Every structure is written in structure tokens, then in C-alpha cells.
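In: Structure of the sequence below:
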Amino acid sequence: MVSRVLPILLLIFKVWLLVDVHKKRRPQYWFFIIFFVPFGDVVYFFLHKVKDFKLKSLFNAPPSLAEVEYRYQTTPSANNQILYANALFDTSRCDDALWHYNAVLEKDGENLEAIYGKSVCLVEKGQLAAGIAILQQLTDQNPGYRDYQVWMDLANAQWKHGQQEDCLNTLRKLVRMRARTDHQLALAQGLEATGRHEESLQVINKALSEYDHSPSHTQKLYRASAKSLRAMQNR
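Out: The predicted model follows:
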């Protein structure tokens with residue numbers, strides 16, 4: 001009985017993680033890793049999904065959409081409008097969110113939060129070329145924006161658009177600029193997903209060497225990424 005049920009449960013587990021990858025706009029290579037790389041689903045779960053179950057999130061829940069909307073309606077500042085647009089995007093109301101980002105940009109064309117919000121909306125709507133163009137502009141003009149998250153979004157969009165080489169080059173540039181353990185992990189996973197095993201192993205070995213010699217607070221921050229890298233190294 002267990003031997004029959006277990007494969008079904010494992011398939012459900014993988015599908016659940018794939019839905020999470022899509023909803024949270026993770027890099028496209030996670031689809032490949034979860035389904036085809038041994039224990040790739042487990043790696044993703046402990047690297048990303050497990051964060052959803054932290055107890056502190058129960059006590060520091062973000063404001064609801066209704067609350068953010070009320071703030072915007074009572075105090076229609078650009079900041080509140082962007083927060084409202086972000087909340088709309090998070091609840092899959094991408095068209096509404098895009099309208100508000102554009103409304104902010106009509107008044108302030110250099111508002112970075114609105115520019116970034118517009119780019120991820122376009123990517124989510126499947127307008128990948130337009131979204132990639134904006135994300136590339138952001139990386140060129142503000143490379144450290146959102147703690148370098150814009151680079152990860154750009155790489156994700158490029159992968160979705162079938163631009164695997166551009167994606168890898170984006171991640172290589174990011175690692176040269178800011179060689180964080182999570183950035184190195186993303187590059188290693190992308191290389192692995194495209195069959196570049198030797199280059200992937202070089203990235204993994206270098207990342208783990210740097211991680212092992214980093215301060216304790218840094219190791220604590222990137223422990224999950226290092227664990228995933230070790231799992232890849234030991235395959």
C-alpha cells in the first residue's frame with residue numbers, strides 16, 4: 001500500500017513546489033532542478049519554501065490588501081500608491097498593479113520602485129522583452145538596487161524568454177560584482193541545468209571555500225545556500 005501511495009505523494013510534493021516557483025517568480029531553472037535533479041525538490045524546499053513556515057511570520061504578517069487600499073484612498077501619496085500596487089501584484093492582480101505603477105511614473109518618471117514594479121508586472125504578464133529591457137536599464141544604472149535582487153529578476157526573465165546564455169552571463173556579472181553565496185548558488189544551478197558541469201563545480205568549490213572562511217554572521221545568513229551547494233558538490 002505504501003509503495004503505491006508514496007510515488008503519488010512525491011509527485012504532489014513536486015507539483016506543489018513548482019506552483020511556488022511560479023507564484024514567487026523564481027528562476028526558471030528551478031523547474032528543471034525540482035523534476036530532474038536528484039533531491040532537487042528537497043533542496044528547493046529547505047532553501048526557499050521552509051521560510052514560509054517560520055513562526056515569526058505569524059506575528060509579523062504584512063498588511064492586508066484592504067488595509068493597504070484604505071491607506072492609499074485616505075492618503076493618496078506616491079508611496080502609498082506603490083504599496084497598494086505591490087499588494088495588488090502579490091494577489092495576482094497584475095493588470096491593476098501595472099496601472100498604478102504607470103500612474104506613479106506619469107508624475108515621477110524616475111521613481112525606482114514604480115519602474116521596478118512595472119518591470120516585474122510585464123514579466124508576469126508574459127511581455128518578457130519589455131520587462132527585460134527595463135530590468136537591464138535598472139542593472140546598468142542602479143546595480144545595487146534592492147540589494148541586487150534586480151539582477152536575479154533579470155536572469156529569471158531571460159531564462160523564461162529562452163535566453164539561457166544571457167541569463168548565465170547576467171548571473172556571472174552578478175557574481176563578479178557581489179559574490180554572495182546565494183548568487184553563486186543561482187549561477188551554479190543555471191550552469192548545471194544547461195549541462196556545464198565542470199564550470200558549475202568550479203563555482204560551487206569557490207563559493208564554499210569563501211563561505212567557510214567568512215564571518216559567523218555571514219555564514220548564518222547564507223547557511224541554506226551553502227547547504228544546497230554542498231548537496232550539489234556531493235552528487
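In: Was I right to think residue 30 contacts residue 45?
Out: No. Using CB atoms under 8 Å, residue 30 makes no contact with residue 45, being 11.2 Å away. Quick note: C-beta positions are derived from backbone N, CA and C, even for glycine.
In: of those two, who's got more company?
Out: Using other CB atoms under 10 Å as the criterion, residue 30 and residue 45 rank with residue 30 on top: 27 against 16.
In: what's the closest non-adjacent residue to the more buried one?
Out: Among residues not flanking residue 30 along the chain, residue 21 sits closest, at 4.6 Å (CB to CB, 6 or more residues apart in numbering).
In: and the one you found, how many neighbours?
Out: Residue neighbour count, defined by other CB under 10 Å, stands at 20 for residue 21.
In: After the helix or strand harbouring residue 199, which helix or strand is next?
Out: Element membership of residue 199 [criterion: DSSP states H and E] is helix 197-212. With elements assigned by DSSP H and E, the helix or strand that comes after helix 197-212 is helix 216-221.
In: If we go by neighbour counts, what in that following helix is buried?
Out: Under the neighbour-count criterion of 16 or more other CB atoms under 10 Å, helix 216-221 has nothing buried.
In: Which SSE is immediately downstream of it?
Out: Following helix 216-221 in sequence, per DSSP H and E, is helix 223-233.
In: State the mean pLDDT of that following helix.
Out: Helix 223-233 comes out with an average pLDDT of 92.
In: Kindly report the same for stretch 190-197.
Out: On average, the pLDDT along stretch 190-197 is 94.
In: Quick one: end-to-end length of that stretch, please.
Out: 10 Å (CA to CA, to the nearest Å).
In: for stretch 115-131, same thing?
Out: End to end - CA to CA - stretch 115-131 spans 10 Å.
In: can you list contacts of it?
Out: 25, 82, 85-86, 89, 94-95, 97-98, 101-102, 105, 132, 134-135, 137-138, 145-146, 150, 153, 156-157, 160-161 (CB atoms under 8 Å, 6 or more residues apart in numbering).
In: Can you select the buried ones among those residues for me in ChimeraX?
Out: Only the buried entries of the contacts of stretch 115-131 go into this ChimeraX selection, using 16+ other CB under 10 Å:
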select :25,82,85,86,89,94,97,98,101,105,132,134,135,138,145,150,153,156,157,160,161
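In: The residue nearest to residue 30 contacts residue 31, correct?
Out: Yes. With contact defined as CB under 8 Å, residue 21 reaches residue 31; the gap is 6.3 Å.
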